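Novice: structural data only, the sequence is not supplied:
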């Protein structure tokens, strides 16, 4: 619950204005670039907040592990990334031509397909290579959501 609240507060609300695009009073259908950008931003915020939510009291810090359980933090990262990617994708297509439930189902399906394609590849690596390849997972989830939400974006 904490993760959803923090994600809603910290999710990028004005990415278009931030990158120099004028914000007007008229709404237009989003393009695939908007969907990919907001999905990726949601994944980054969600993954970070998922790790924070998974750290239990007495765990230490990011530098000193203390009694941290890495699988718990990985589950927090994965869950937060999934929720963040999906939230960004759904938010970016709100002015499109699909209903909310259709965007949810399409976004979830695309995100899971993207994760399913990349997680086994990253999980098969070890050590620092796995850390370096970790950003492939949110990017592939965002790409999967972008592809299946292409119909909704117009």
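Specialist: Perfect, thanks for sending it. As the structure is a prediction and not an experimental result, all values here were calculated from the model.
Novice: residue 88 touches residue 43, doesn't it?
Specialist: Yes - with contact taken as C-beta atoms under 8 Å, residue 88 and residue 43 are classed as touching, separated by 6.9 Å. To be clear about C-beta, it is placed using only N, CA and C from the backbone, and glycine gets the same treatment.
Novice: any residues in contact with both of the two?
Specialist: residue 142 (C-beta atoms under 8 Å, 6 or more residues apart in numbering).
Novice: which residue of the two possesses the greater neighbour count?
Specialist: Set side by side, residue 88 and residue 43 show unequal neighbour counts under other C-beta atoms under 10 Å, the larger going to residue 88 at 33 against 30.
Novice: just give the nearest non-adjacent residue to that one, would you?
Specialist: residue 42 (2.6 Å; C-beta to C-beta, 6 or more residues apart in numbering).
Novice: what about the one you found, how many residues nearby?
Specialist: Other residues lying near residue 42 total 31 when counted by other C-beta under 10 Å.
Novice: please apply the same query to residue 94.
Specialist: Residues near residue 94, counting by other C-beta under 10 Å, number 12.
Novice: try residue 127
Specialist: For residue 127, the tally of surrounding residues (other C-beta under 10 Å) stands at 7.
Novice: distance check, it against residue 134.
Specialist: As for residue 127, its distance to residue 134 is 12 Å (criterion: C-beta to C-beta, to the nearest Å).
Novice: quick one: classify the closest residue to residue 134 other than its chain neighbours as helix, strand or coil.
Specialist: Leaving out its chain neighbours, the residue that sits closest to residue 134 by C-beta to C-beta, 6+ apart is residue 122, at 6.2 Å. Classification of residue 122 by DSSP: H, G, I helix; E, B strand; the rest coil places it in helix.
Novice: many thanks, I have nothing further to ask.
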